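S.K.: Need coordinates for the below:
(chains A and B)
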Amino acid sequence: AQTVTQSQPEMSVQEAETVTLSCTYDTSESDYYLFWYKQPPSRQMILVIRQEAYKQQNATENRFSVNFQKAAKSFSLKISDSQLGDAAMYFCAYRSRGLYGGSQGNLIFGKGTKLSVKP
Amino acid sequence: EAGVAQSPRYKIIEKRQSVAFWCNPISGHATLYWYQQILGQGPKLLIQFQNNGVVDDSQLPKDRFSAERLKGVDSTLKIQPAKLEDSAVYLCASSPGVAPSYEQYFGPGTRLTVT
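M.R.: Numbering: from 1, shown residues only, chains lettered A, B, ... in the order given. Below is the predicted model of the structure:
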């Protein structure tokens, strides 16, 4: 079974600075998707960024980028120019690439990292 | 386009009582998920529907939890009887299909407190 580990329960960053959130995962599959989700106090899970395991190029979305190390099974999120609105819980998630349903369709989440942004 | 709707947003019940949650997915989305998020943890899948059929309910405690998706649209999740450890946020998500390339869109969740 796949597992996702986030070793940083809490992180703090100064506004406008850069912060990196860590995530490792365990799988025997060679093809899969990895995600970072943001969950503000409103509880709405919002997709931040997605990485396809077969792509070597790291995904980037504006101020958010990932460092995907497939051999090391590591998937970190870098937030540049941090803003007050970035404060939230961040979850790393894994999803199998299988085309059909069953357990391949759902997300497996880590325990999350609470990010605080100081003004 | 309207997002995933859930109600109620909050619910407080006593143990051994029953409770039901409702989810209305994004229009046209074939796949619907119910996740349980216990405080301090990431969401965990309870059940996955494809249209009105169950795809995966391997982690659903079937002795007390039940779920249905009528006509492949709205869904209800029921707990009967509730236990203290059922206190959690229950998240509903939907996606256009089953393939992992489809993004899952989450609702705001229902926070359940069992006393």
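
S.K.: Taking chain B, what residue is nearest to chain A?
M.R.: The nearest approach of chain B to chain A comes at B:Gly42, 2.9 Å away (Cβ to the nearest Cβ). Heads up, the C-betas are built off the backbone N, CA and C, glycines and all.

S.K.: Could you tell me which residues make contact with that residue?
M.R.: A:Val4, A:Phe91, A:Ala93, A:Phe109, A:Gly110, A:Lys111, A:Gly112 (Cβ atoms under 8 Å, 6 or more residues apart in numbering or on different chains).

S.K.: Can you give me the pLDDT of the residue nearest to the first one when sequence neighbours are not counted?
M.R.: Read that as A:Val4. Among residues not flanking A:Val4 along the chain, A:Gly110 sits closest, at 4.0 Å (Cβ to Cβ, 6 or more residues apart in numbering or on different chains). Note on A:Gly110: pLDDT of 97.

S.K.: So A:Gly110 is in contact with A:Tyr90, correct?
M.R.: No. The criterion here is Cβ atoms under 8 Å, and A:Gly110 misses it with A:Tyr90 at 9.1 Å.

S.K.: Who does the residue in chain A that chain B sits nearest to form a beta bridge with?
M.R.: Chain B sits closest to A:Phe109 of chain A, with a gap of 2.9 Å, by Cβ to the nearest Cβ. When bridges are called by DSSP bridges, A:Phe109 pairs up with A:Ala93.

S.K.: ok, now how distant is it from A:Thr5?
M.R.: 11 Å (Cβ to Cβ, to the nearest Å).

S.K.: Could I get the full set of strands for chain A?
M.R.: With DSSP state E, the ranges of strands along chain A come out as A:3-5, A:10-14, A:19-21, A:24-26, A:32-39, A:46-52, A:60-61, A:64-69, A:74-79, A:88-96, A:108-109, A:113-118.

S.K.: now those strands in a markdown table, with mean neighbour count and distance to B:Phe49?
M.R.: Below are the strands of chain A laid out as a markdown table (neighbours: other Cβ atoms under 10 Å in any protein chain shown; distance: least, Cβ to Cβ, whole Å):
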| stretch | mean neighbour count | distance to B:Phe49 |
| --- | --- | --- |
| strand A:3-5 | 16 | 24 |
| strand A:10-14 | 14 | 35 |
| strand A:19-21 | 19 | 32 |
| strand A:24-26 | 16 | 26 |
| strand A:32-39 | 23 | 20 |
| strand A:46-52 | 18 | 21 |
| strand A:60-61 | 12 | 29 |
| strand A:64-69 | 18 | 30 |
| strand A:74-79 | 20 | 28 |
| strand A:88-96 | 23 | 17 |
| strand A:108-109 | 22 | 18 |
| strand A:113-118 | 17 | 30 |
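
S.K.: interface residues of chain B facing chain A?
M.R.: Selection of chain B residues close to chain A by Cβ under 8 Å from any Cβ of the partner chain yields B:31, B:33, B:40-45, B:48, B:50, B:55-56, B:58, B:89, B:91, B:93, B:98-101, B:103-104, B:106-109, B:111.

S.K.: try it again with 6 Å
M.R.: B:41-43, B:45, B:48, B:50, B:55-56, B:89, B:98-100, B:103, B:106, B:108-109 (Cβ under 6 Å from any Cβ of the partner chain).

S.K.: Quick check: the farthest pair among the contacts of B:Gly42?
M.R.: Spatially, the most separated pair among the contacts of B:Gly42 is A:Ala93 and A:Lys111, at 11.4 Å (Cβ to Cβ).

S.K.: Does A:Ala59 touch A:Ile49 like I think?
M.R.: Yes. Between A:Ala59 and A:Ile49 there is a contact under Cβ atoms under 6 Å: 5.3 Å.
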